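Trainee: Give me a model of this one.
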Amino acid sequence: MDSGKVLPTLFLLLRLLPVWTSPSPTLGLSSRLNVNDTLVSPWGHFELGIFAFGPSQGPKYQLCIRYAAPIEQVVTWVANRDVPLSNKAYLELSTVDRNLQLFDPANGLNKRLWISSNTERIAITAQLLDMGNLVLMDSNGTITWDSFKNSSTTDTLLPGQYLYKNDTKRNTLTSWLTNDNPATGKNGTYTFGWGTLASVSGPI
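Mentor: Numbers count the residues shown, from 1 in each chain. Here you go, the predicted model:
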């Protein structure tokens, strides 16, 4: 075969091959995370997404961080545990106040259901770290908000995360209402934290 024909053909085949790219661990200003999108930590240990819970006939959705497959996909953080979402919900990093904001068009005319408590308003990116911590960072890489320190209630403590209590706020460990419902609920949930060694809400 004419070698002069082989090289152009090989070059064309290489150009047609799919290019593999790793999932981005960051979310930029005005970027959206929709249902079926995921934000994956650099080494693929954790993923952030709007995931379905409950029966397949009528699942409810929540913005969660969980261990990524092939590890058992245990949920470690839920943004707004007591308000389920529809499959139209999305997360956005606002260009106005530089906060992560969770919206659901199917819930009260695109009502905002959750917002990160970033008061500095200088964040330019959201990133999911390999320790399972969702952070907002400024242009210098300084963390201005993180989910480890600003989650009022979770049911999981990861390495590097801790329970705290001060004059204005504290966080607690609170169990899920059921195995497929992360709501804190009024009945049948356990709570553990500073100032409350352990408590139970309602009858078990």
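Trainee: ok, L33 to Y164 distance?
Mentor: Taking CB to CB, to the nearest Å as the measure, L33 falls 27 Å from Y164. (Glycine included, C-beta is placed from N, CA and C.)
Trainee: more crowded one of those two?
Mentor: Neighbour tally, L33 and Y164, criterion other CB atoms under 10 Å: the higher count belongs to L33, 21 against 12.
Trainee: give me phi/psi at that one?
Mentor: L33 has phi and psi values of phi -110, psi 110 when expressed as degrees, to the nearest 10.
Trainee: Tell me what the closest residue to V74 other than its chain neighbours is bridged to.
Mentor: Nearest non-adjacent residue to V74, counting by CB to CB, 6 or more residues apart in numbering: Y67, 5.1 Å away. On the basis of DSSP bridges, Y67 is bridged to F46.
Trainee: show me the contacts for D130.
Mentor: Going by CB atoms under 8 Å, 6 or more residues apart in numbering, D130 touches 41-43, 45-46.
Trainee: Any chance of CSV for those residues, columns pLDDT?
Mentor: Listed next are these as CSV, based on pLDDT from 0 to 100:
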residue, pLDDT
S41, 95
P42, 93
W43, 92
H45, 93
F46, 95
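Trainee: possible to save those as a markdown table with neighbour count and distance to K60?
Mentor: Converted to a markdown table, those look like this (neighbours: other CB atoms under 10 Å; distance: CB to CB, whole Å):
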| residue | neighbour count | distance to K60 |
| --- | --- | --- |
| S41 | 21 | 25 |
| P42 | 15 | 30 |
| W43 | 11 | 30 |
| H45 | 15 | 26 |
| F46 | 26 | 22 |
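Trainee: what residue lies at the spatial centre of the chain?
Mentor: Geometric centre of the chain, nearest residue: L48, 3.5 Å, by CA atoms, centre = their mean.
Trainee: ok now do that residue, which residues does it touch?
Mentor: L48 makes contact with 33, 38-40, 63-65, 128, 134, according to CB under 8 Å, 6+ apart.
Trainee: Among those residues, pick out the one closest to D82, please.
Mentor: L63 (12.7 Å; CB to CB).
Trainee: Which pLDDT value belongs to the closest one?
Mentor: Here, the pLDDT recorded for L63 equals 96.
Trainee: Let me see the mean pLDDT of stretch 174-192.
Mentor: Mean pLDDT, stretch 174-192: 77.
Trainee: Correction: the previous question concerned stretch 112-124.
Mentor: 89.
Trainee: chain center to it, what's the gap?
Mentor: In terms of CA atoms, centre = their mean, to the nearest Å, the gap separating the centre of stretch 112-124 from the centre of its chain is 14 Å.
Trainee: okay, how far is it across it, tip to tip?
Mentor: Taking CA to CA, to the nearest Å, the first and last residues of stretch 112-124 lie 20 Å apart.
Trainee: And it, what's buried?
Mentor: Judged by neighbour count using 16 or more other CB atoms under 10 Å, the buried positions of stretch 112-124 are 113-114, 116, 118, 123-124.
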